[in-house]
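Asker: what's the 3D shape of this:
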Amino acid sequence: MRPNLRQPAVIAFVLLAPLLLSPAVVTDPGRPGKALPTAQVHFATGAAAGDPQPPPAQQPPPFGFAEVKKLAQERAQHDYRPMPDSLPAVLANLTYDQYRDIRYRPQSALWHGQALFEVQFFHRGYRTRQRVNMFEVDATGASPIAYNPQFFTFGHLLKPPTPKASANLGYAGFRVHFPLQSPAYKDELAAFLGASYFRVLGRNQHYGASIRGLAIDTAAPNGEEFPMFTDFWLVRPQPADRALVIYALLDSRGVTGAYMFVIRPGAVTQTEVHTEIYPRHGIGKLGVAPLTSMFLYGEDGSGRHFDDYRPQVHDSDGLMTQTGQGEWIWRPVNNPRELRVNRFMDENPRGFGLIQREREFAHYQDIESLYHARPSYWVQPLGNWGKGGVELVEIPSDEEIHDNIVAYWVPEQAVTAGKPLSFDYMVSAYAQAVQRPPGGHVVATRSGNPDVGDNKGRFGGGARRMVVEFAGGDLDGLDGSQPVKAQVNADNGQIDALTVQRIAESGVWRVAFVVTPKPKKPVDLHCYLTLYGEALTETWVYQWTP
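Answerer: I've put the predicted structure just below:
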């Protein structure tokens, strides 16, 4: 599947846009025997007399993650130089349909017929103008991967570039293939294309949200900076290897960075990410492990309305976090009328992600986009990240072609020139996660005008009726007579008419209340269910703007 060339929304001073598995120890292929810090390993020291001596240490191959870090550190000592984006006119002036007509020949894939993984490359042209340098790493070192127009078919809309024009053309990015669904066919597993964007799929999933290497000054008054992966090193896998290692070099005006990706395909595809960031100068806001998605409209009637036959249109319907204290939080996302930025402060977070919870096709009715099969992305820090916060950015959007939802971790520590930062984490791409969260969870958020029927004139101006439904965990086994209580509070608002009841027809527990906001202030709402003082559910968090 070809990744969608969705346009990221841009922000300036004012509005610019209209685990399921425990991590294992990973060894850097470029340094055999040296484990990266995904888990702690204990070694016994000393040896008894007469014990057999270990064999001599193997000489390490000439290229590994240490070399990428060294390159990034050296590059940070110099001014930023953007990658070339000049193209022959025949490629620079491509239409969208012409660009889509350029296809990579599967039989020309890197490692074709030699391993479970294969790699195909993206052609430059249309909006993918910048070149990235590609290398293959094997036991002898790193070798450049040269561009060859014979690896592509150009369809009936375009003539192939001439040999003279294509000598140094290079590639725009690449995609990884793996027999994910069937041993008879190698499906698209991951794609790296454009700036620092990449996407990963688990079994029976279709491209939706994106992951980025780094975010800088997102939603800041001075405008956002988009770092770019300029170089990739693809480590040749053994024929039966089920994990693929990729190194990358990131660059921008503000930072350089070394990245190591370890991709493990499956029903839940896990991507282990190791990073070393080298700031060229101070950064106002650094976004670590950024996720980008699209939300046009959903089931909540308080959002913006579109004349569309589809009940819902979104890649993700909420931000989920697990705090350092273990609390699970669910924050439904929205398509606001004006830019909204919220930060959830924490220390050593256990995880966060942009999640697609609604999995019924009937709730989307889209046979082309298949929104019900879009992956959820969950970020699990490996090690302590210290103090900071998960920031959620919601940008107004009038079309589903724009990514308008962004989430990332913002460290509290200042980002200063010459002071490296290191972050390691696991990104899981999944569809269903029974244990995330382990207890009850939100299944629906709805709202409406409470000033109807007998309630007409009862509530103050701007009041809104909120309905939140929970299911799962111990809730599913509780009789409706159980004294389940809702713990609800509102910042900048008043709560009235609170009720909790089990809906026999659906089995969910429904919380309903009316919130009256204070004048000209958004209301931050929190709600979770308890039984005899014990929490049964995650915490629902919502922002209502009158």
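Asker: pLDDT below threshold where in the stretch 201-350 of the chain?
Answerer: Using pLDDT under 70 as the threshold, the predicted model of the stretch 201-350 of the chain has no low-confidence range.
Asker: Gly386 reaches Asn348, doesn't it?
Answerer: Yes: shown here, Gly386 and Asn348 form a contact pair, counting by C-beta atoms under 8 Å, at 6.6 Å. (C-beta placed from N, C-alpha, C; glycine too.)
Asker: quick check: the residue nearest to Leu525 when sequence neighbours are not counted vs Arg464, distance?
Answerer: Leaving out its chain neighbours, the residue that sits closest to Leu525 by C-beta to C-beta, 6 or more residues apart in numbering is Tyr542, at 4.5 Å. The span separating Tyr542 from Arg464 equals 10 Å under the rule C-beta to C-beta, to the nearest Å.
Asker: with Asp317 instead?
Answerer: Separation of Asp317 from Arg464 (C-beta to C-beta): 19 Å.
Asker: so between those two, which is more surrounded?
Answerer: When Asp317 and Arg464 are compared for neighbours, Asp317 comes out ahead with 27 against 21, by other C-beta atoms under 10 Å.
Asker: and the more buried one, what does it touch?
Answerer: 295, 298, 332-333, 355-358 (C-beta atoms under 8 Å, 6 or more residues apart in numbering).
Asker: JSON lines please, covering those residues and showing distance to Thr230.
Answerer: Supplementary listing: these in JSON lines, determined by distance: C-beta to C-beta, whole Å:
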{"residue": "Phe295", "distance to Thr230": "31"}
{"residue": "Gly298", "distance to Thr230": "37"}
{"residue": "Pro332", "distance to Thr230": "37"}
{"residue": "Val333", "distance to Thr230": "32"}
{"residue": "Ile355", "distance to Thr230": "31"}
{"residue": "Gln356", "distance to Thr230": "31"}
{"residue": "Arg357", "distance to Thr230": "36"}
{"residue": "Glu358", "distance to Thr230": "38"}
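Asker: mean confidence for stretch 74-93?
Answerer: Taken as a whole, stretch 74-93 carries a mean pLDDT of 91.
Asker: hey, which helix is longest across this structure?
Answerer: With DSSP state H applied, the helix covering the greatest number of residues in the chain is identified as helix 65-75.
Asker: buried residues in stretch 523-543, which are they?
Answerer: 523, 525, 527-529, 536-543 (16 or more other C-beta atoms under 10 Å).
Asker: one step back: who touches the longest helix of the chain?
Answerer: In this structure, residues lying in contact with helix 65-75 by C-beta under 8 Å, 6+ apart are 28, 30-31, 36, 231, 233, 247-251, 256-260, 274, 276, 278, 420.
Asker: stretch 137-149 too?
Answerer: 29-30, 61-63, 108, 110, 121, 133-136, 160-161, 163, 166, 168-171, 233-236, 247.
Asker: so what would you say the end-to-end distance of that stretch is?
Answerer: Terminal residues of stretch 137-149 lie 22 Å apart, using C-alpha to C-alpha, to the nearest Å.
Asker: and that stretch, what's buried?
Answerer: Under the neighbour-count rule (16+ other C-beta under 10 Å), stretch 137-149 has 137, 142, 145, 147, 149 buried.
Asker: quick check: of the contacts of Asp317, which lies closest to Thr153?
Answerer: Distance to Thr153 across these (C-beta to C-beta) is lowest for Gln356, with 33.7 Å.
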